[in-house]
Each structure stands twice: as structure tokens, then as C-alpha cells.
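K.L.:
any chance you can model this:
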Amino acid sequence: MSQHKVVLLLGSNLGDQKKNLLTALDKIKQAGNEIFKVTDFLISDPVEFASSNIFCNIASIIFTHLSPFQLLILVKSIEAEMGRTEDSVITGGYTDRVIDIDIVTFNEIKFISERLKIPHQKHLSEREFSRILLKDFI
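P.N.:
Numbering: from 1, shown residues only. The predicted structure follows:
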């Protein structure tokens with residue numbers, strides 16, 4: 001079973017944001033993945049929705065044996081476990097969230113389905129905070 005290099009972007013704008021991000025990374029690690037590199041925290045305004053709550057974000061390179069869909073299931077389960085009740089793909093819009101974990105790249109693959117798009121183009125090209133966090137990763 002080979003290891004896959006994955007870039008994740010994590011964000012939180014509710015509660016203890018930094019603790020939320022570190023807790024999510026710890027849960028990813030506890031699930032058998034290697035956390036290889038993590039950026040510094042970056043504070044940003046909400047994107048594509050209005051909120052008075054600012055975001056704290058990080059990017060991380062992980063190594064995993066999981067497939068893209070298995071990893072998606074894992075990150076969605078972590079989000080739910082940490083209290084995220086609404087998924088923007090399902091609701092069609094963004095809201096405040098305890099944790100958001102996005103798969104930005106997965107090896108060098110390009111993949112599109114209803115639930116998963118790799119690479120995550122919004123983070124690679126449209127969002128300034130993402131470009132700042134990912135500048136040394138991509």
C-alpha cells in the first residue's frame with residue numbers, strides 16, 4: 001500500500017479557533033496519517049459569505065494510505081465530531097463553522113465528482129488567504 005501526499009487546508013471561525021485547528025490535525029494523525037508539515041496560523045475575513053467572525057486558517061501536508069474518498073469520509077467525520085452540522089456542498093452556501101477541512105491536492109491527480117474535486121481550484125487560484133498559506137506547498 002503506497003503513501004499519498006496530500007495538501008489540506010483547515011479553517012475555523014467559531015470557538016477557540018487555534019485549538020479547533022490543532023484538534024482536527026490531531027484527529028487526522030490519530031487516524032493513522034502522518035502530519036508532515038503545518039503552516040503558521042493565518043487570520044482572514046470570511047469568503048463568499050457575511051459573518052462578524054474572522055477565520056483562523058492553516059495548511060498541512062500529510063501522508064496517507066487512504067484513497068481520496070476514504071480521506072474525504074475521514075475529514076467529514078472529524079468535522080461532524082467537532083460540531084460542524086452543515087456541509088456547504090449539501091446546503092449550497094457557506095456558514096460559520098467550528099472546523100472546515102478541505103483536500104486541496106492529492107498526489108498529482110485530477111478528479112471531479114459531485115462530492116470531491118481535486119485539485120480544489122478555489123483554494124489554488126481564487127482565494128487570497130489560500131494562496132498565502134499554500135505558496136510553499138504547491
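K.L.:
give me the contacts around whichever helix or strand Asn57 is part of.
P.N.:
Using DSSP states H and E, Asn57 sits in strand 55-64. The contact list for strand 55-64 (C-beta atoms under 8 Å, 6 or more residues apart in numbering) reads 3-13, 17-18, 20-21, 25, 28, 32-46, 71, 104, 129-130, 133-134, 137. For every residue, glycine as well, the C-beta is placed using N, CA and C.
K.L.:
go on, stretch 131-138?
P.N.:
For stretch 131-138, using C-beta under 8 Å, 6+ apart, the contacting residues are 7, 9, 37, 39, 42, 57-59, 61, 104-105, 123-125.
K.L.:
state the mean pLDDT of it.
P.N.:
For stretch 131-138, the mean pLDDT works out to 87.
K.L.:
could you do stretch 56-69 as well?
P.N.:
97.
K.L.:
quick one: it to chain centroid distance?
P.N.:
7 Å (C-alpha atoms, centre = their mean, to the nearest Å).
K.L.:
read off the pLDDT value for Glu86.
P.N.:
The per-residue pLDDT of Glu86 was computed as 67.
K.L.:
about what we covered before: restricted to helices, list the contacts of strand 55-64.
P.N.:
Secondary structure from DSSP state H places Gln17, Lys18, Asn20, Leu21, Leu25, Ile28, Leu71, Phe129, Ser130, Leu133, Leu134 of the contacts of strand 55-64 in helices.
K.L.:
wait, which of the residues you listed is closest to Ile118?
P.N.:
Minimum distance to Ile118 across the ones in helices among the contacts of strand 55-64 is 10.0 Å, recorded for Leu71 (C-beta to C-beta).
K.L.:
I figured that closest one hits Val6, correct?
P.N.:
Yes - counting by C-beta atoms under 8 Å, Val6 is a contact partner of Leu71 at 6.6 Å.
K.L.:
common neighbours of those two, please.
P.N.:
Once C-beta under 8 Å, 6+ apart is applied, the residues that Leu71 and Val6 both contact turn out to be Thr64, Ile103, Phe106.
K.L.:
contacting residues for the residue nearest to Ile112 when sequence neighbours are not counted?
P.N.:
Distance criterion C-beta to C-beta, 6 or more residues apart in numbering; nearest residue to Ile112, sequence neighbours excluded, is Ile118 at 7.8 Å. Shown in contact with Ile118 (C-beta under 8 Å, 6+ apart): Pro68, Ile103, Thr105, Phe106, Ile109, Lys110, Phe111, Ile112.
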